[in-house]
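Peer 1: Could you look at this predicted model? Sequence included:
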Amino acid sequence: MKIIRTNSENKDFIDLVKQLDAYLKITDEDEHDFYNQFNHIDVIKEVVVVYDGTIALGCGAIKKFDNHTAEIKRMFVSSEKRGLGIAQKIVTELEAWSKELGYEKCVLETGKRQIEAVKLYKKCGYKIIPNYGQYKNMENSICFEKHL
């Protein structure tokens, strides 16, 4: 397995995000359109993709939240490759890249229905915080942060 740093124009990233969006359309139910408006990849510059040979297994990205904070976005691992530690490797790489860019912490939002994601972020040392920004009044959202 190898992790590469790239950008949101990477074809494999785009394909993985399509799979992610299809998954979220089901789990977010009626709230999907609300969440989807904040997930356009054209504003994302820093992307990581995990490969097994030439097969893309998972992805994640960071986006500037404020001068001190990066927001983790578009985390996804192909369903048949979950449980192998790939998502944890993606988070670790995104945190390292965030530090290199001068950020002091990472924040992220996930849905309460994404049980595996909630477990992952807690396992990676993220702490639940009050919902921020557009997620403030969203009952399905859980927001996290981690100081780097």
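Peer 2: Received it, and whenever you're ready, just let me know what you need.
Peer 1: What about Arg5, how many residues nearby?
Peer 2: 14 (other Cβ atoms under 10 Å). The C-beta positions use only the backbone N, C-alpha and C, and glycine is treated the same way.
Peer 1: er, Ser141 actually
Peer 2: Burial measure for Ser141: 18 neighbouring residues, criterion other Cβ under 10 Å.
Peer 1: need the contact list for the residue lying closest to it once chain neighbours are set aside.
Peer 2: Take Ser141 and drop its neighbours on the chain: the residue closest to it by Cβ to Cβ, 6 or more residues apart in numbering is Tyr135, 4.1 Å away. Under the criterion of Cβ atoms under 8 Å, 6 or more residues apart in numbering, the contact partners of Tyr135 comprise 109, 141, 143.
Peer 1: where in this protein is pLDDT low?
Peer 2: Scanning the chain with the threshold set as pLDDT under 70 gives 26-40.
Peer 1: Output the longest strand belonging to it.
Peer 2: What stands out as the longest strand in the chain, according to DSSP state E, is strand 55-66.
Peer 1: Please state the offset of the helix or strand that comes right after it from the chain centre?
Peer 2: For strand 55-66, the succeeding helix or strand toward the C-terminus, using DSSP states H and E, is strand 69-77. Average the C-alpha atoms of strand 69-77, do the same for its chain, and the two points are 2 Å apart (Cα atoms, centre = their mean, to the nearest Å).
Peer 1: Tell me which strands strand 69-77 pairs with, and in which orientation.
Peer 2: Using DSSP bridges, the neighbouring strands of strand 69-77 in the sheet come out as strand 55-66 (antiparallel), strand 105-111 (parallel).
Peer 1: so what secondary structure elements neighbour whichever helix in the chain runs longest?
Peer 2: Counting residues, the longest helix in the chain under DSSP state H turns out to be helix 11-27. Using 3 or more Cβ pairs under 8 Å, 6 or more residues apart in numbering; DSSP states H and E as the contact criterion, the elements in contact with helix 11-27 are helix 32-36, strand 46-52, strand 55-66, strand 69-77.
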